[in-house]
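1. please work out how this folds:
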Amino acid sequence: MIDFRSDTVTKPTAAMRAVMNDAPVGDDVYGDDPSVNQLEQYAVERHGFESALYCSSGTQANLLALMAHCERGDEYICGQQAHNYKFEGGGAAVLGSIQPQPIENNADGSIDLNKVVAAIKADDFHFAKTKLLSLENTIGGKVLPLSYLKEARECVDKHNLALHLDGARVYNAAVKLGVDITEITQYFDSVSICLSKGLGAPVGSLLLGSKALIDKARRWRKVLGGGMRQAGMLAAAGQYALEHHVARLAEDHDNAAYLAEQLNTLAGFDTSTFQIDTNIVYANVAEHIDLKAVAHALKEQNMLFSPGKPLRLVTHLGVTKQDIDSFISALAAEI
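-> Modelled structure (predicted):
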């Protein structure tokens, strides 16, 4: 199966499965799982934070971060396209009683910091208290420049806000920029990192922050039913991914650029209006092309993609250059 729907569809490699099989386990709710403890300690040292928490998903990690930074009736500022605003079921409002204040993203994925400042509420009981700015990197596959992250840090410091990073694909950003991950994480009070997207682990995300923040997040994880027992096999896969699957993300980026190039050879497909930095490719599709019908036909050939307009295709460790050639040939035959 060739699957372009997302990098969440990656499957553990044989080497990762071997590590999972041999991982020592215990009860993580009691703090007794050595593999989870090892992953959390590794994450602390690798990313430059005081504490870390292994979470079941990126959605959970982001929600725990919001609930640890904010109290009921507080507010966080984010982008209109932010995953933790648009694609996480309204969890901050539903479960945290936290008000989101979205601001339209710029074309490069950033948020105008002047608009952020204008959105900060006055200290008045009529308003929610603005506590946090949440950024996403990458966002829609686009990488936020380090200079922008520095400006964001200066902005929140000036206005007494905390700064959270939804870093579901932050390693893609680091690889694209050619920098160590700490060059990005240094600017944030908390960071979530997904282990099960391009990094290729089967399950899990990390939340990083101060000891006080993570202690609070750990309590909320339990309240929300997120405490896991013998989770060491999953945690071991996550650590293996961090240790062995980072550099290869560059291959996904190269494949995405190649995929975009090949799509542009097909009549009715155009990627030129989209910024393609990493492993996510967007393309405009001509109105006369019935993408749902095409998707159905290609599914019969063991090829999967989501038939939205614009078209979104994602490369990952399960997609090779040869797979892309096969996909383009099959697509050309159906349009």
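2. from start to finish, how long is stretch 175-183 in a straight line?
-> Terminal residues of stretch 175-183 lie 11 Å apart, using C-alpha to C-alpha, to the nearest Å.
3. ok, and what's touching that stretch?
-> Outside of stretch 175-183, the residues within contact range by C-beta atoms under 8 Å, 6 or more residues apart in numbering are 46-48, 138, 143, 146, 170-171, 174, 184, 246-247, 249-250, 253, 277-278. The way it works is simple: take the backbone N, C-alpha and C, and place the C-beta from them, glycine included.
4. let's see which of the residues you listed end up in strands.
-> Of those, none are assigned to strands by DSSP state E.
5. from those residues, keep the buried residues only.
-> Taking 16 or more other C-beta atoms under 10 Å as the criterion, what is buried in these is 46-47, 138, 143, 170-171, 174, 184, 246, 249, 253, 277-278.
6. all helices for the stretch 201-335 of the chain, in order.
-> Remark: helices assigned in the stretch 201-335 of the chain by DSSP state H, counting those that start in this stretch are 211-223, 232-244, 249-263, 291-299, 321-334.
7. can you tell me which of those is most buried?
-> helix 232-244 (a mean of 23; mean count of other C-beta atoms under 10 Å).
8. can I get that one in PDB? Just the C-alpha atoms.
-> Taking C-alpha atoms only, helix 232-244 is exported to PDB below (Å, rounded to 0.1, in the frame of the first residue of the first chain):
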ATOM      1  CA  GLY A 232       7.400   0.800  27.900                       C
ATOM      2  CA  MET A 233       7.100  -1.000  24.600                       C
ATOM      3  CA  LEU A 234       5.700   2.200  23.100                       C
ATOM      4  CA  ALA A 235       8.100   4.500  24.800                       C
ATOM      5  CA  ALA A 236      11.100   2.400  23.600                       C
ATOM      6  CA  ALA A 237       9.900   2.800  20.100                       C
ATOM      7  CA  GLY A 238       9.700   6.600  20.600                       C
ATOM      8  CA  GLN A 239      13.300   6.700  21.900                       C
ATOM      9  CA  TYR A 240      14.500   4.600  19.000                       C
ATOM     10  CA  ALA A 241      12.800   7.000  16.600                       C
ATOM     11  CA  LEU A 242      14.500  10.000  18.200                       C
ATOM     12  CA  GLU A 243      17.900   8.200  18.100                       C
ATOM     13  CA  HIS A 244      17.700   6.700  14.600                       C
END
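9. tell me the domain ranges of the chain?
-> 7-244, 248-334 (automatic domain parsing).
10. closest one to M1 among the ones you listed?
-> domain 248-334 (4.9 Å; C-beta to C-beta).
11. average pLDDT across the closest one?
-> Domain 248-334 shows a mean pLDDT of 97.
12. quick one: it to chain centroid distance?
-> How far domain 248-334 lies from its chain's middle: 20 Å, per C-alpha atoms, centre = their mean, to the nearest Å.
13. from start to finish, how long is it in a straight line?
-> Domain 248-334: ends 32 Å apart by C-alpha to C-alpha.
14. again, but for stretch 178-195
-> OK, stretch 178-195 end separation, C-alpha to C-alpha: 20 Å.
15. cool, stretch 314-325 as well?
-> 15 Å.
16. what does that stretch contact?
-> 2-7, 9-11, 13, 197-198, 200, 245, 248, 251-253, 255-256, 258-259, 262, 279-281.
17. who touches A152 in this structure?
-> 113, 133, 135, 163, 187.
18. circling back to that earlier point, tabulate the helices of the stretch 201-335 of the chain in CSV, adding columns for distance to L39.
-> Shown next, in CSV, are those (distance: least, C-beta to C-beta, whole Å):
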stretch, distance to L39
helix 211-223, 14
helix 232-244, 4
helix 249-263, 19
helix 291-299, 36
helix 321-334, 31
